[in-house]
Structures are given as structure tokens and as C-alpha cells.
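# return atomic coordinates for the entry below.
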Amino acid sequence: MNPVSSTFKDTKKHYEILDALRGVAALVVVLFHLLETFTNGNNHIQLINHGYLAVDFFFVLSGFVIGYAYDDRWGKMSLGNFFKHRLIRLHPMIIVGMFIGAVTLFFQQAAIFPAIAQKD
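The predicted structure follows:
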């Protein structure tokens with residue numbers, strides 16, 4: 001049994017469109033950084049030239065979603081309890097991200113990323 005779900009029931013309406021927009025924003029940021037690698041600093045050939053703005057959009061949406069999800073719990077939950085619930089929810093993603101980052105760092109000199117290997 002999940003300790004987070006047993007403590008607070010999810011009774012609010014879930015907006016799938018906000019999750020979809022957050023996912024699109026995250027993908028735009030990833031594509032921006034991947035394509036930035038192959039432009040060698042020439043922003044005129046970058047396909048997603050202002051992709052970094054998706055970070056701001058992602059955080060604004062995330063702030064709204066978190067505020068909406070926890071707005072009726074502030075009287076029932078301490079700040080430490082809030083951070084504990086957020087850590088339980090985000091920790092698996094953090095571990096996977098660290099693993100992907102470590103593998104990428106290990107292979108960055110390989111032929112998978114030739115533009116990074118040639119940069120000085």
C-alpha cells in the first residue's frame with residue numbers, strides 16, 4: 001500500500017491536458033539540447049531556437065499542479081510532511097536521471113556523440 005495515497009485521498013479532478021503540456025514542454029527542452037549539440041554554436045540553424053523557454057512553461061505548470069493538488073491539505077500537513085511526500089514521489093525519477101546521466105557521461109567520448117567528443 002502506498003503511504004501517500006492512504007493518507008490523502010485523491011478527490012480532485014485530474015487535468016490530463018496539464019500533464020500532456022508538461023510532457024511536451026519537457027520533450028521540447030530535451031530536443032533543444034540535443035539539437036544544440038549539432039549546431040556547433042550557430043543558433044541560426046537551430047530548429048527549436050527558443051526551446052529553453054519551455055523550462056519556464058514547465059515550471060509554471062508544475063507550480064499550478066502542485067498548488068492545486070495540495071491547496072486543501074495545508075492545514076492538515078506540515079512543511080516537513082509535504083517535502084517527505086514530494087521526495088517519495090520524485091526519488092525514483094531522480095535515480096533514473098542520475099543513471100542516464102552517468103551512462104551518458106561514460107560514453108560521451110564514444111562515437112554516439114561525435115560532436116561532443118570533438119568539442120574542446
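
# ok, the residue nearest the centre of the chain to Leu61 distance?
Centroid check for the chain by C-alpha atoms, centre = their mean gives Ala26 as the closest residue, at 5.9 Å. For Ala26, the distance to Leu61 equals 10 Å [C-beta to C-beta, to the nearest Å]. Any C-beta I mention is one placed from the backbone N, CA and C, and that applies to glycine too.

# on that earlier part again, contacts only, for the residue nearest to the centre of the chain.
Going by C-beta atoms under 8 Å, 6 or more residues apart in numbering, Ala26 touches Ala54, Phe58.

# mind telling me what element it is part of?
Secondary structure assignment for Ala26, by DSSP states H and E: helix 16-37.

# right, and the helix or strand after that helix?
helix 53-70.

# for the closest residue to Asp19 other than its chain neighbours, which residues are in contact?
Using C-beta to C-beta, 6 or more residues apart in numbering and skipping the chain neighbours, the partner closest in space to Asp19 is Val65 (7.9 Å). Listed by C-beta under 8 Å, 6+ apart, the contact set of Val65 reads Tyr15, Leu18, Asp19, Arg22.

# dump those to CSV, plus pLDDT, neighbour count and distance to Phe57.
Output for these, formatted as CSV (pLDDT from 0 to 100; neighbours: other C-beta atoms under 10 Å; distance: C-beta to C-beta, whole Å):
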residue, pLDDT, neighbour count, distance to Phe57
Tyr15, 83, 13, 15
Leu18, 89, 14, 11
Asp19, 86, 12, 14
Arg22, 90, 19, 8
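
# check the residue nearest to the centre of the chain and give its pLDDT.
pLDDT recorded at Ala26 is 90.

# residues of the helix holding Ala26 that come out buried?
Arg22, Ala25, Val28, Val29, Phe32, Glu36 (16 or more other C-beta atoms under 10 Å).
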